[in-house]
Every structure is written in C-alpha cells, then in structure tokens.
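Asker: can't give you the sequence, but here's the structure:
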DNA sequence: GGTTTATCAGTTCCTC
DNA sequence: GAGGAACTGATAAACC
C-alpha cells in the first residue's frame, strides 16, 4: 500500500460527489436547451427569450444609497455630455 | 386587452419552465460550492481538487496531444531560458 | 541542431512581441491604479468612480429595434409582475 | 449652478485620465489580438501560444509545487482508472 | 467556420 | 490574514 498522507477515502468521496452534482447540472442544462429549441419551433426568438429571462432576474428596486452616490457624482460631472466617444 | 400577436400563454409557459430549471441549477451549484468548502475544512486544496476534476473529465489522449504540442513549441523556442524575470 | 519542424525564429518573434505588448499593458494598468489611489486621497470613492467610468462607456442610444422586440415580449407576458423572486 | 459639494474639476480630471489610459490599454489589446491572429495565419496554434506565454510568466518552482500536489492527489485517488466515462 | 455571447476559473482588492 | 466582492482572462457554447 502506498500511504500518501492523504485520507484517500475522503478525497475520493469529495471528488465523486462533485462529479455527481456536476452531472446533474449537465442534465438540467440539456433540458434548458431543449426548451429553447422548443420555443424556436413555436415561433419565438430564443435570443429575445434569453433577454427576457435576464431582465426578469434583475431586481428593479435598485435605488439604493449606492445609486444615489453615483447620481451625485454624475451630476457633479455636469449635466451633459454623459460620455464622449467621439472626442478621442 | 392588448393583443400583441403573441401567444401569451405559450410564451409565459416557456419562460417559467426555463426559470424553473435555472433555479434548480442554481441549487445544485450551491451544493457544489459547499462540497468545495467542506473539502477545504478537511484540509484539501480546492484548487487542486478542481484540477483533478478537470483532468478526469478529459480524454487522456487529447490531453497528451496538447502537452506534446506545448513541449514542441517550448523546445522550438530554445532549450532555455524558460523565462527571464530578472531581465527587465 | 534540433529541427522541430517549426519556424523557430518566427515563433520566438511572435512570443516576444506578445510579451512586449503585455508588459506595456501592465505599465498602463499600474498608472490606472495610481490614479484610483490618487482619487481616494482626494476624498473620492474609487468604487463609485469605477461605476461612473462604466456608465460613461455605455451607449445611451440603445432603443434599437431589438429593444422594441424585447418590449413586445415583455408586454405579452403581462403588465406585471416583472419578476417573481418571492414565488419560489 | 448646482453645488454638489464635490470638486467637479478634480473629479472630471480623474475620470478623463482614467478613460484615457483605458483607451490606450484597449489599443494595445487590439494589437495583441492581431499578433495572435497573425500567429494563426503562420500555422501556429494560438491556444498553445497562450500557454507558452503563461508558462514563461510563472516561476518554475511554484509550478512544480502545484504539479506535485496534483500528482499526490491523483495517486491518492488510486492508480487508475483516471476517469470513467463509460461507467455511467 | 467564424464571430459573438455566456459561463467559469483565477486574480486582486478591500473589508473585517 | 481570511473572506468575500469585483475584474480580468480563458474556455465553451450559440447563432449566423
């Protein structure tokens, strides 16, 4: 037997558990992909669907004090222009 | 009622199904993260664990192919020095 | 001489040119970091500064036909609620 | 005039200086990308080139340290099999 | 196949 | 200095 100073059983258990959960994740992703394909068949634009999902994830209530600070700085920079891409 | 020309029920169904499967994926990812934390508590290096997982996913053949190419390029660059940190 | 089938001089040239441009990038990043430190000394919040920079990068003119499609889908999903985090 | 309590000129200067250095960085990155494309045209594998660059950046000592740890873990998991794709 | 997008790992910075 | 958050860089995936 080779004693590596490592608890082999524990390591093996950890690795296998991670691999197992990753396999489950892969299955779910396959399912998700199928739904997108299905939506395409139904005449929807998957790209738009994706954006819908993304938008719905965002918390619309984002007027925190942080946002207020950002606003303050923006105002300090002047009303406009907000950006100057053409100015280079 | 606003008729948008879209089958609302079908769209809603699709969106909700996707969101549901995504929620499940998130749960599994949380579980995975916990296992990594647990491995850390047990004295393992999560970074190494990750690499182990990665290696086990790969086909050993393509692995060696890649390694051989790297070796070939390194040799073409000359035997040494491999790097020149002191040369700045 | 070891003939690897590789144009060594060309490979070396490519590698060194990339390393050179990367070194220049690193210098510039150092400069950027200094400006952030300076802004901190001047009493500004670097975190907010970063967000300002990010906002100014975005093109405010984002009302494309794409956005309109998204809007159409959102409307089809119903006026509200836009998202349902609590519904899980 | 709106007095926000912020030194507007100073803030503006900081923001513009950061944006300027970031623009320079972007230019250099574009140049780097071109070199990679060029290397591809010359028959080199950009992925391998990237790894070469990465290896040359690393201290060879810490590199072998890492490798040794990976090896130790792999051995602890048992001689073989390294992976079990067929076992599902 | 090639371009763009999204996910992911790695690094760094900041906080406690 | 340990943990967590933000940014960057790289891999993988999706659309054309």
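Answerer: Cool, the structure landed. Source: prediction; values computed, not measured. Residues are numbered from 1 along each chain as shown, chains lettered A, B, ... in the order given.

Asker: which SS class is whatever residue of chain A ends up closest to DNA strand E?
Answerer: Here the residue of chain A nearest DNA strand E is residue A:50; by Cβ to the nearest atom of the strand that distance is 5.4 Å. Quick note: C-beta positions are derived from backbone N, CA and C, even for glycine. With DSSP: H, G, I helix; E, B strand; the rest coil as the basis, residue A:50 sits in helix.

Asker: residue A:25: how many residues sit nearby?
Answerer: Around residue A:25 there are 18 other residues, counting by other Cβ atoms under 10 Å in any protein chain shown.

Asker: which elements pack onto the worst-scoring helix or strand of chain A on mean pLDDT?
Answerer: Across the helices and strands of chain A, mean pLDDT, DSSP states H and E gives its lowest value to helix A:65-76, namely a mean of 70. For helix A:65-76, the elements it packs on are helix C:46-57, helix D:8-41, judged by 3 or more Cβ pairs under 8 Å, 6 or more residues apart in numbering or on different chains; DSSP states H and E.

Asker: okay, the residue nearest the centre of chain A: pLDDT?
Answerer: Centroid check for chain A by Cα atoms, centre = their mean gives residue A:54 as the closest residue, at 8.6 Å. Looking at residue A:54, its pLDDT is 83.

Asker: ok, residue A:14 next?
Answerer: At residue A:14, the predicted lDDT confidence score is 95.

Asker: looks like it contacts residue B:34 (just checking).
Answerer: No. Counting by Cβ atoms under 8 Å, residue A:14 sits too far from residue B:34 to count as a contact (11.1 Å).

Asker: for residue A:5, which three-state class applies?
Answerer: coil.

Asker: for residue A:44, same thing?
Answerer: Residue A:44 is classified as coil under three-state DSSP.

Asker: correct me, but it touches residue B:11?
Answerer: Yes. Contact criterion Cβ under 8 Å: residue A:44 and residue B:11 qualify, at 6.5 Å.

Asker: write out the residues of chain A neighbouring chain B.
Answerer: Within reach of chain B by Cβ under 8 Å from any Cβ of the partner chain, chain A has these residues: A:7, A:10-11, A:14-15, A:17-19, A:21-22, A:24-25, A:28-29, A:31-32, A:35-36, A:38-39, A:42, A:44, A:49, A:52-53, A:56.

Asker: just the buried ones from those residues?
Answerer: Neighbour counting by 16 or more other Cβ atoms under 10 Å in any protein chain shown classes A:11, A:14-15, A:17-19, A:21, A:24-25, A:28, A:32, A:35-36, A:39, A:44, A:49, A:52-53, A:56 among these as buried.

Asker: near chain D too, which of those?
Answerer: Within those, those near chain D by Cβ under 8 Å from any Cβ are A:11, A:15.

Asker: on that earlier part again, quick one: the residue of chain A closest to DNA strand E from residue A:31, how far?
Answerer: 16 Å (Cβ to Cβ, to the nearest Å).

Asker: ok, back up a step: mind listing the shared neighbours of residue A:44 and residue B:11?
Answerer: residue C:73 (Cβ atoms under 8 Å, 6 or more residues apart in numbering or on different chains).

Asker: near DNA strand F, which residues of chain A?
Answerer: Neighbours of DNA strand F within chain A, by Cβ under 7 Å from any atom of the strand: A:33, A:36, A:46-47, A:50.

Asker: where's the dip in pLDDT among those residues?
Answerer: residue A:47 (87).

Asker: any idea how many residues pack against that one?
Answerer: The number of residues packed near residue A:47 is 13, by other Cβ under 10 Å.

Asker: ok, now residue A:46?
Answerer: That count, for residue A:46 with other Cβ under 10 Å as the rule, works out to 15.

Asker: residue A:53 and residue B:20 touch, don't they?
Answerer: No. Between residue A:53 and residue B:20 there is no contact under Cβ under 8 Å: 11.2 Å.

Asker: from what I see, residue A:69 and residue C:48 are in contact.
Answerer: Yes. Residue A:69 lies in contact with residue C:48 (Cβ under 8 Å); the separation is 5.3 Å.

Asker: higher neighbour count, the two?
Answerer: Comparing residue A:69 with residue C:48 by other Cβ under 10 Å, the one with more neighbours is residue C:48, at 18 against 15.

Asker: please tell me how far that one sits from DNA strand F.
Answerer: Counting by Cβ to the nearest atom of the strand, to the nearest Å, the separation of residue C:48 from DNA strand F is 10 Å.

Asker: could you chop chain A up by domain?
Answerer: Chain A breaks down by automatic domain parsing into domains covering A:1-43, A:45-78.

Asker: those domains: which one's closest to residue D:76?
Answerer: Proximity to residue D:76 (Cβ to Cβ) singles out domain A:1-43 among the domains of chain A, at 4.0 Å.

Asker: now do the contacts for the residue of chain A closest to DNA strand E.
Answerer: Here residue A:50 is in contact with residue A:36 (Cβ under 8 Å, 6+ apart).
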